[in-house]
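Trainee: Sequence and predicted structure, then a few things I'm wondering about:
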Amino acid sequence: MKPNHNFQVAGEGTNSIYDASQYNDDLRGIQGKYSPGVMLLITIVGIAIAEIIAMFFVYFLRHLPYYQQVLFDAAIMTTIIFPWLYFLSARPLLLHIQQRYRVEQIIKARLRIAQYANMHNLNELLQFILDEIEALTGSLIGFFHFLEDDQTTLRLQAWSTNTVKNMCSVTNTDTHYAVDRAGVWADCIRQRKPVIHNDYASLSASHRKGMPEGHAPVSRELAVPIMRNEKIVAIIGVGNKPDVFRADDVELVSTLADFAWDIVKQKQAGDALRQSEEKFRTLVDWTYDWENWIDPQKRIVYISPSCERITGYSPEEFINDPDLLTKIVHPDDRDSYNEHHRIVHDEAAGIDKVEYRIIGRNGEEHWLEHVCRPLFGADNHYLGRRISNRDITERKQVEKEIEERNQKEKLLTQTIHTMQLDIARDLHDTVGQNISFLRLKLDYLAGNKSVKKSDMQVEIQTMKKAANESYDLMRGTLAVLQSGNSADLFRVFSRYAEQIQERAAVKVDFSTQGEAQPLSAKRMRQLFFVFREALNNIEKHARATYVSVKIKWHHEYLLFTVLDDGNGFDPSQIEYTSHYGLKFMRERVEMLNGSMDVQSAIDAGTTIMIRIPYE
């Protein structure tokens, strides 16, 4: 709200009210006079009038010599033209320059105040504001009072630097005053407008109401109220100017005071925010459990320092790499973790809990109890999820010991299970005609009520999985045998990849590039056997979650690439003569006059690149 700039001037034998709107109209009038056209017109008219008057007088002096007539003419014109130009042109110009200079001073002061606020606390800012106003008005003292919401209680907030150092020994700035007991400097509150007392000593003692011991002596003062929403929120006062306070001083102080209050409120809001954040940080940073807050855009808003105690990784590392947690999840638990992770950004999902293992920076394994819940703001706006991770490694170790004792009691069941696995492996090597029968038999056994499911379910499912695998392998082989077009290679491979995805928790990304070239049925079969073996190895040994298969048709050869993100291995430690899967693949590639390159590293996945010439 723009403050009321009507103000009262008291002292030196006068009491009068000045209207700020009239003051502004005068300034606009001055600015209107200061224009090239108006000045030229005033000059021409003034010269013309002065010349006419001079000629009139010279006419009666025509009997004098010519040089005397010229002197009289010049004297008369000068006498007339200088007052004319001063009052109608030069004086408005000087006032306009003065006003522009004052405006420039205010703008620079506002800039200095805004810059100062960024680097200093509230008390220092208030004192700096008073110092700026003092300097612009030529005053020697300054004060800043806050007015409470009840509009009856004042609180002294700050003195200017000069007041504290040289003129006032009152050091307590947290002093409260009742408005009705305050002196004349509070008249601006009672009258709700700026007030000037240019002769403080002439005021009655009852009006002045005295001052506390050590207060700065006052000879004249100017006090301006700051208003917001029809309420006075603060007052700024300056005093002891060597000259009397005038209307332009009121305008200057009022303008800076109004601007300063906005800066003060921003500073107070910023300080309150920092204090609130400090309390929040103190509370959550010292939690023993590992606390996370993830926003709806999957960004980490907050992560507690406890994460480093549990994982060995700092909060900054988790923030810089949002997928770091997924990367350190134990490979055996990654599927269950990813399954749970799907609900993290579903605001409709409620509280959920899951337990999984992670591998810390030092290689140690930790069990985490992971609990997450949705967060909503005051307006029921979804803010993401809060996640609490508790280290339950010790509890899991105890559970493991209990489980081991239970395992001893189930030795007979485990023996039967081992026998069933041996049978399943034998069935895996049988011919394709028996696989369909085996699937039908396993379905029958799984649904037979007379068989105890507690004893047979695991074994039956294992046998069923083995039978399905054999059946899928046979389907893939038959598809290759029945295909006579190399363009079908992508379809056959992708179909088998889909079968792998159905039975294993691994995503296979299949792509092809280039125009398919003719391939013989023999080459297509051998390529399929190599592809099948590669996926089988990844499924059984790599513990991968993602596989990329690319077929690129070059002009002279086919480039076949299989890449996984599994645990990898050290190729220098692998002898192909004993690694039957790789040996099988290399032999088939060599039969096609091709080459196979294997690149791998521990915990860095494996890449197999195969080049096969077309013929």
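Mentor: Nice, I can see it.
Trainee: Identify the residues contacting N362.
Mentor: G312 (CB atoms under 8 Å, 6 or more residues apart in numbering). Every residue, glycine included, has its C-beta placed from N, CA and C.
Trainee: Name the SS class of it, please.
Mentor: Here N362 is recorded as coil under DSSP: H, G, I helix; E, B strand; the rest coil.
Trainee: where do the helices sit along the stretch 1-150 of the chain?
Mentor: Assigned by DSSP state H, counting those that start in this stretch, the helices in the stretch 1-150 of the chain fall at 20-33, 36-59, 66-85, 91-117, 122-137.
Trainee: Out of the ones you listed, flag the one nearest V562.
Mentor: With respect to V562, and counting by CB to CB, the nearest of the helices of the stretch 1-150 of the chain is helix 91-117 at 61.9 Å.
Trainee: From the contact counts, what lies against that closest one?
Mentor: Secondary-structure packing of helix 91-117 (3 or more CB pairs under 8 Å, 6 or more residues apart in numbering; DSSP states H and E): helix 20-33, helix 122-137, helix 247-285.
Trainee: The residue lying closest to S336 once chain neighbours are set aside: which element?
Mentor: Excluding the flanking residues, the one nearest S336 by CB to CB, 6 or more residues apart in numbering is Y356, at 6.2 Å. Assessed by DSSP states H and E, Y356 sits inside strand 352-359.
Trainee: ditto for D346
Mentor: Under the criterion DSSP H and E, no helix or strand holds D346.
Trainee: so what's it scoring on pLDDT?
Mentor: According to the prediction, D346 has pLDDT 76.
Trainee: Kindly report the same for Y18.
Mentor: As predicted, Y18 sits at a pLDDT of 36.
Trainee: right, so the helices and strands packed on helix 91-117: which one is the most enclosed?
Mentor: Highest mean neighbour count of the helices and strands packed on helix 91-117: helix 122-137, a mean of 20 (counted as mean count of other CB atoms under 10 Å).
Trainee: Tell me what angle it forms with helix 91-117.
Mentor: Relative orientation of helix 122-137 with respect to helix 91-117: 170 degrees, computed using axes from the mean of the first three to the mean of the last three CA atoms, to 10 degrees.
Trainee: hmm, back to that, report the buried residues of the strand holding Y356.
Mentor: By 16 or more other CB atoms under 10 Å, the buried positions in strand 352-359 come out as 354-359.
Trainee: So for it, mean pLDDT?
Mentor: The model assigns strand 352-359 a mean pLDDT of 90.
Trainee: Skip ahead from it and say which helix or strand is next.
Mentor: Counting by DSSP H and E, what follows strand 352-359 is strand 365-376.
Trainee: For that following strand, which helices and strands make contact with it?
Mentor: On a contact count with 3+ CB pairs under 8 Å, 6+ apart, strand 365-376 meets helix 306-311, strand 352-359, strand 382-391, helix 393-409.
Trainee: rerun that using 6 Å as the cut-off
Mentor: strand 352-359, strand 382-391, helix 393-409 (3 or more CB pairs under 6 Å, 6 or more residues apart in numbering; DSSP states H and E).
Trainee: Next, the buried residues of the last one.
Mentor: It refers to helix 393-409. For helix 393-409, a neighbour-count test (16+ other CB under 10 Å) marks K396 as buried.
Trainee: Can you list the neighbours in contact with it?
Mentor: Applying CB atoms under 6 Å, 6 or more residues apart in numbering, the external contacts of helix 393-409 come out as 366-367.
Trainee: related to what we said a few turns ago, compare the helices of the stretch 1-150 of the chain and give me the one nearest M585.
Mentor: helix 91-117 (70.5 Å).
Trainee: Check the offset of that closest one from the chain's centre.
Mentor: 37 Å (CA atoms, centre = their mean, to the nearest Å).
Trainee: And for stretch 253-263?
Mentor: Distance of stretch 253-263 from its chain centroid, counting by CA atoms, centre = their mean, is 31 Å.
Trainee: one step back: need the winner for burial among the helices of the stretch 1-150 of the chain.
Mentor: helix 122-137 (a mean of 20).
Trainee: How about the residue positioned nearest the centre of the chain, nearest residue that isn't a chain neighbour?
Mentor: For the chain, the residue lying nearest the average C-alpha position, counting by CA atoms, centre = their mean, turns out to be V301 (8.4 Å). Of all residues not flanking V301 in the chain, W293 sits nearest, at 4.3 Å (CB to CB, 6+ apart).
Trainee: now the host helix or strand of the one you found and strand 382-391, what's the angle there?
Mentor: Element membership for W293 (DSSP H and E) is strand 290-294. Going by the same axes, to 10 degrees, strand 290-294 is angled at 160 degrees with respect to strand 382-391.
Trainee: contact partners of whichever helix or strand comes after strand 290-294?
Mentor: Downstream of strand 290-294, the next assigned helix or strand under DSSP H and E is strand 300-303. Applying CB under 6 Å, 6+ apart, the external contacts of strand 300-303 come out as 292-295, 315, 318-319.
Trainee: What strands line up against strand 300-303, and which way round?
Mentor: strand 290-294 (antiparallel) (DSSP bridges).
Trainee: Please export the C-alpha coordinates of the strand it pairs with as CSV.
Mentor: What follows is strand 290-294, C-alpha atoms only, in CSV (Å, rounded to 0.1, in the frame of the first residue of the first chain):
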residue,chain,number,x,y,z
TRP,A,290,18.6,-44.2,6.4
GLU,A,291,15.8,-41.7,5.3
ASN,A,292,15.0,-40.7,1.7
TRP,A,293,12.5,-38.4,0.1
ILE,A,294,12.0,-38.9,-3.7
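Trainee: Tell me what angle it forms with strand 365-376.
Mentor: Using the same axes, to 10 degrees: strand 290-294 against strand 365-376 is 40 degrees.
Trainee: about what we covered before: hmm, which of the contacts of strand 300-303 are the buried ones?
Mentor: Neighbour counting with 16+ other CB under 10 Å marks 292-294, 315, 318 as buried within these.
Trainee: So of the residues you listed, which two are at opposite extremes in space?
Mentor: Using CB to CB, those span at most 13.3 Å, a distance reached by I294 and P315.
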